[in-house]
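Following is a predicted model, sequence given first.
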Amino acid sequence: MSKVIKTGLCSYGMSGQVFHAPFLHVNPGFAFAAVVERSKHLAQQRYPNVQVYTSVEEMLADTSLELIVVNTPNYTHFEYVKAALEAGKHVIVEKPFTVTAQEGETLAALAAEKGLLLSVYHNRRYDNDYKIVKQVLQSGVLGDVLEVEIHYDRFKEELSYKKHKEGGLPGTGALYDLGSHLLDQAITLFGMPPALWADIRIIRKDSVVDDYFEIVLCYDQLRVRVKCNYLVREPLPAYQLHGRKGSFIKSKSDIQEAQLQRGLFPDSPDWGAEAPHEWGLLHTETDGKTVKQYLPGTNGNYMDYYQGIYAALVNKAANPVPPEDAIKVIRVIEAAFQSSREGKVIHL
């Protein structure tokens, strides 16, 4: 790679430390060149050459930076993405893209007007568990798929000390935080649903944000349920797919986040490799014979997203996650809140 894209991170919290800086550091097409840290200066301890700024505005004034990663609290995404685009920078923004679909549409139009790349970091498209689910669906081995259930459960009674996560601010709560992952996967696999029904609740003591949701995406013959519950001690399968010919059951097994939190870099041996006991169970029928077997998945790798960003910027390849994809997710989130509030099916 001859061109190196100098990149700045808008914050160095968990997202910056785990999901962005390590990939920028080991990918030769990028340079982790700048970061916003108001006091701690943790980034320089691991990346001594990074330039530290005390505000996003100060970093955006750095003319050497081509790409900005907006990984600040959800309610600030619109403000900072808009400012970065107006400063002439390409932008990656963490999910959820924006709090409202209208905000997303405004930013997509601004990026198009300025001829800049705007991409949303829906990294769970690059999990090994999702990748094998997609492979099974595309193979047709289940026949016509009639029911799918996708879970992202936790056991977490205590509330987060991070106000931007659970402080009742715009764009907070389980549906925006975790539901955006599940909905992006569902929409990528099956398209926008014609209608949906949702039940969104608060179940933990003293919580002021949703920590439970069930959304039923209604297609013609297919029903896709996306579910999250913060009080699930014994996890259920993350993916359950049932078709006319068979079923596929898969645990949530991607290990990249755990590897990153241990301080590993994404060029480490066996990156994103799945343990055999996590393989998905396929039970179907082929040529009149019953087939019941465990399927190994390919390794997950969030670097594929950054490779896609590099190709889009340097070789004019397709944006790996264009804003239009992420706007669909926000539309469904808004419709789900309306459905839960009004107790009825919402037609999209």
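Done, it's in.

Now do the helices in this structure.
14, 21-26, 43-46, 56-60, 77-86, 101-114, 128-139, 163-166, 174, 180-190, 256-261, 303-315, 323-342 (DSSP state H).

and the fourth one, what's its mean pLDDT?
Right, helix 56-60. For helix 56-60, the per-residue pLDDT values average out at 98.

buried residues in it?
Across helix 56-60, burial judged by 16 or more other CB atoms under 10 Å covers 56, 59, 60. C-beta here means a position set from N, CA and C on the backbone, and glycine is covered the same way.

gap between the first one and residue 339?
If you measure residue 56 against residue 339 using CB to CB, to the nearest Å, the figure is 35 Å.

Same question for the second one.
From residue 59 over to residue 339 the distance is 40 Å, taken as CB to CB.

Also residue 25?
Where residue 339 is concerned, residue 25 sits at a distance of 43 Å (CB to CB).

which of these two has more neighbours?
More neighbours surround residue 339 than the other of residue 25 and residue 339, with 20 against 16 (other CB atoms under 10 Å).

so the more buried one makes contact with residue 345?
Yes. Here residue 339 lies in contact with residue 345, judged by CB atoms under 8 Å, at a distance of 6.7 Å.

which residues do these two both contact?
Counting by CB atoms under 8 Å, 6 or more residues apart in numbering, the contacts common to residue 339 and residue 345 are 196, 197.

and the closest residue to residue 275 other than its chain neighbours, what does it touch?
Among residues not flanking residue 275 along the chain, residue 253 sits closest, at 7.2 Å (CB to CB, 6 or more residues apart in numbering). Under the criterion of CB under 8 Å, 6+ apart, the contact list for residue 253 reads 128, 129, 238, 274, 275, 278, 297.

Let's see that with 7 Å instead.
128, 129, 274, 278 (CB atoms under 7 Å, 6 or more residues apart in numbering).

quick one: low-confidence parts of the stretch 51-200 of the chain?
Low-confidence segments of the stretch 51-200 of the chain (pLDDT under 70): 164.

roughly how far out does stretch 197-208 sit from the chain middle?
Here stretch 197-208 shows a centroid-to-chain-centroid distance of 22 Å under the convention CA atoms, centre = their mean, to the nearest Å.

Mind listing what's buried along it?
Going by neighbour count (16+ other CB under 10 Å), the buried part of stretch 197-208 is 197, 198, 200, 204, 207.

my read: the second one touches residue 340, true?
Yes. Residue 198 is within contact range of residue 340, at 4.6 Å (criterion: CB atoms under 7 Å).

what residues are up against the most centrally placed residue in the chain?
Among the residues of the chain, the smallest C-alpha distance to the mean C-alpha position (CA atoms, centre = their mean) belongs to residue 122, namely 3.1 Å. Contacts for residue 122 were tallied using CB under 7 Å, 6+ apart; they are 95, 184, 321, 326.

try 8 Å this time
Counting by CB under 8 Å, 6+ apart, residue 122 makes contact with 95, 180, 181, 184, 321, 325, 326, 329.

Alright, I will stop here.
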